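Undergrad: quick one, structure for this:
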Amino acid sequence: MAGVRPRGGDRPVLTAVRGALAFLTRLPVGGGEDAWNAFRATPVAFVVAGYVVGGIAALPHLLPIPIPTTVALYLGTLYLVTGVTHVDGLADLGDAAAVHGTADERRAVLKDSQTGVGGALAIGLALLALALGGLGVAGAGPRVAVRLVVAAEVSAKVGMAALVALGSTGHEGLGSAVVGAAKGRSLLPVVVAAVPAALAAPVGTGPTLVAALLAGPAVALLVGRWATTRLGGVTGDALGAANECGRIAALHAGVIVWTLW
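TA: Just a heads-up that it's a prediction; the model follows:
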């Protein structure tokens with residue numbers, strides 16, 4: 001990113017959002033050192049990126065096509081926009097979880113470019129859970145589905161922001177460059193920015209979106225706790241895993257509340 005010259009004249013928050021989109025997606029937004037540094041210090045940019053990703057990923061739910069096709073297009077659109085960086089983090093964490101040894105041995109596995117059984121299982125289960133959640137979401141109808149997909153993406157990004165602001169790093173790497181760059185008080189704008197995702201609910205669906213929004217941060221904190229105890233700190237792979245698992249949990253939480261209540 002340092003090889004791309006930052007654009008002049010951007011406001012700090014807009015620069016941070018540009019950095020977030022460059023870091024979290026494959027969208028051609030540019031980047032640069034200024035954008036990266038602004039993003040590191042502005043966790044609310046995670047949430048704004050969540051709205052963008054969620055809005056794009058939700059587009060298949062507006063098409064008059066069969067539900068299975070909608071889900072397939074949702075998955076394809078999602079990973080075309082976000083790439084596979086976060087999935088790779090989930091795979092690495094899956095491999096590390098399969099190691100029966102010390103924190104140093106688990107961290108060594110994170111650096112291995114080969115995906116082991118633990119990583120393959122983690123990816124397989126995650127994709128299956130995401131597809132099943134997508135089926136449930138699509139079955140709720142376009143009005144609810146679009147809002148729930150957006151809420152799930154925002155929820156996952158709130159979880160990442162929480163780890164960045166509250167977590168601690170244990171070794172050098174991507175995690176150490178992001179985690180701890182902002183303080184806990186920076187989470188207030190994160191919460192405020194996530195509120196519209198719940199307020200946009202049609203009549204009677206508010207609890208569904210609230211459940212989705214709460215699930216992502218809850219899962220992220222669990223991932224962060226595991227990474228701290230097993231790896232010695234929150235790594236870049238842990239952030240990626242928190243994003244993937246948070247999205248899945250948010251979709252299923254929303255579907256459960258929509259179905260039962």
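
Undergrad: residue 122 touches residue 88, doesn't it?
TA: No: using Cβ atoms under 8 Å, residue 122 is not in contact with residue 88; the gap is 10.7 Å. Bear in mind the C-beta positions are built from the backbone N, C-alpha and C, glycine included.

Undergrad: neighbour count: the two, which is higher?
TA: residue 122 (26 against 19; other Cβ atoms under 10 Å).

Undergrad: mind listing what's buried along the helix or strand containing the more buried one?
TA: Following DSSP states H and E, one finds residue 122 within helix 117-138. Counting neighbours by 16 or more other Cβ atoms under 10 Å, one finds that the buried residues in helix 117-138 are 118-119, 122-123, 126, 129-130, 133-138.

Undergrad: relative to residue 155, how far out is residue 47?
TA: With distances taken as Cβ to Cβ, to the nearest Å, residue 47 is found 9 Å from residue 155.

Undergrad: equivalent analysis for residue 44, please.
TA: Taken as Cβ to Cβ, the span from residue 44 to residue 155 is 14 Å.

Undergrad: the more surrounded of the two?
TA: residue 155 (33 against 24).

Undergrad: chain neighbours aside, what residue packs nearest to the more buried one?
TA: Excluding the flanking residues, the one nearest residue 155 by Cβ to Cβ, 6 or more residues apart in numbering is residue 216, at 3.0 Å.

Undergrad: quick one: contacts for that neighbour?
TA: 152, 154, 155, 156, 157, 158, 159, 246, 247, 249, 250 (Cβ atoms under 8 Å, 6 or more residues apart in numbering).

Undergrad: thinking again about what came up before, what touches both of residue 47 and residue 155?
TA: With Cβ under 8 Å, 6+ apart, residue 47 and residue 155 have common neighbours residue 194.

Undergrad: can you map out the helices along the stretch 101-250 of the chain?
TA: Residue ranges of the helices in the stretch 101-250 of the chain, as given by DSSP state H, counting those that start in this stretch, are 103-110, 117-138, 142-166, 174-178, 187-199, 206-231, 236-260.

Undergrad: nearest to residue 32, out of the ones you listed?
TA: helix 174-178 (15.2 Å; Cβ to Cβ).

Undergrad: any idea which helix or strand in the chain has the lowest mean pLDDT?
TA: Using mean pLDDT, DSSP states H and E, the weakest-scoring helix or strand in the chain turns out to be helix 174-178, at a mean of 74.

Undergrad: which residues are contacting the helix holding residue 122?
TA: Outside helix 117-138, the residues touching it (Cβ under 8 Å, 6+ apart) are 61, 67-68, 70-71, 74-75, 87, 90-99, 115, 144-145, 148-149, 241, 244-245, 247-248, 251-252, 254-255, 258-259.
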